[in-house]
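[1] Fold the following.
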Amino acid sequence: MPAHKKWGLFRRLLYYVIILVVLGGVVRTYIFWLDHYNMLHPDVVQATVMGYVEELPLEGILVWDEQLVTAPRDGVLTYPSPRPRRVAKGEAIAAIDGRAVRVEMPGYFFPALDGQEGKWVYSRLWPGTSDFPRAGPARFVENGARLRKGDPIGKLVPQPQDLRCIAYLDRTPALERDIKLGYVNVRTEPQGRDRKAAVRAYVNAGQKIKVYITLPFFEPSLLTTRVFSCSVTTGDRQGVLLPDSAVVLRNGQMGVFLLKGNLTEFTEIEGFPADGGNFFIIKGILPGNVVVLQADKFKEGAVMLW
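    Okay, the predicted model is just below:
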């Protein structure tokens, strides 16, 4: 190849190399400027006041004192309602061949049996940490059935008496504090109010706590089953809420970059992850404090937000 053609090819290659070097320098300069700009103008977020409550599921069994009601004579049984209901002392709960069957004490009467009458007692249910025994569905005594003297026609739950519950709960520090104070807060509806249930006994069972509590209510409708479910609320605390991206781990300590004037400062915090990609903070910052939103991409120093 002639010398002048080689020289022309070399100049073109040199030209392209210079262009690439210049473009690379421009890109690097832009990236450096953008990083610097983002450091000076970070996205920020304001800490909002928030209350936090732990809500734990309770799945347990109900315990009450009950008595079998039996037919006082042979005959055909009739009763006015299959639903559990309150009855007064001396009230007629059923009839045998048209003759009234009356109760000797006030209480709740339910014309159904599940086979656990006389067996479903605290001394049998509480010991150990195994699963609870199962009770079958209550079976109604047929209205119009012909009975012999002594046949069961239902059960009477004397009133007044406490409704008790045995259940396993997830073991948390807040729940343990409540139990040691002698109560747990129960909530029977998602948006319902909390009601205190007294703790009669408890035992640690690994990651669970087995509790024996007195429920603050006892409606007749609860007699239809011996199982019970609700929620237990605990750990009612006040603090502030931030997106979890605002929290960073630095030298083994959680913290945020707190804005103070035109400077940011790493500030240690105490808290825990919350729902919805947020972080609940109980110590370290106050409501209204402004912090850097993307903490993992930031270094403390001067900022220019306005």
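[2] what are the ranges of the helices in this structure?
    Per DSSP state H, the chain has helices spanning 3-40, 122-125, 173-181. These are given in chain order.
[3] could you give me the average pLDDT of the first one?
    It refers to helix 3-40. For helix 3-40, the mean per-residue pLDDT is 60.
[4] With stretch 43-59 instead?
    Mean pLDDT, stretch 43-59: 84.
[5] And it, how far out from the chain middle?
    12 Å (C-alpha atoms, centre = their mean, to the nearest Å).
[6] Test my guess that Val292 contacts Asp43.
    Yes. The pair formed by Val292 and Asp43 meets the contact definition of C-beta atoms under 8 Å, at 7.4 Å. All C-beta spots, glycine's among them, are computed from the backbone N, C-alpha and C.
[7] Pick out whichever of the two has more residues nearby.
    Per other C-beta atoms under 10 Å, whichever of Val292 and Asp43 has more neighbours is Val292, with 25 against 13.
[8] State the pLDDT value of the nearest residue to the more buried one once chain neighbours are set aside.
    In this structure, Val292 finds its nearest non-sequential neighbour in Phe257, 4.0 Å apart by C-beta to C-beta, 6 or more residues apart in numbering. Looking at Phe257, its pLDDT stands at 86.
[9] ok, Gly60 - contacts?
    Applying C-beta atoms under 8 Å, 6 or more residues apart in numbering, one finds that Gly60 lies in contact with Phe132, Cys165, Ile166, Ala167, Tyr168, Val227, Phe228, Ser229.
[10] Show the pLDDT at the third one.
    Predicted confidence (pLDDT) for Ile166: 96.
[11] Isn't it up against Leu125?
    Yes. Contact between Ile166 and Leu125 holds when scored by C-beta under 8 Å: they sit 5.7 Å apart.
[12] what's the overlap in contacts for the two?
    Where contact means C-beta under 8 Å, 6+ apart, the residues bridging Ile166 and Leu125 through contact with each are Ile61, Val63, Phe132.
[13] Model confidence at the second one, what's the number?
    Right, Val63. We have a pLDDT of 96 for Val63.
[14] Same question for the last one.
    Looking at Phe132, its pLDDT stands at 83.
[15] returning to what we had before: between the shared contacts of Ile166 and Leu125, which has the most around it?
    For the shared contacts of Ile166 and Leu125, neighbours were counted using other C-beta under 10 Å, and Val63 has the most, 21 neighbours in all.
[16] Cool, thanks, talk later.
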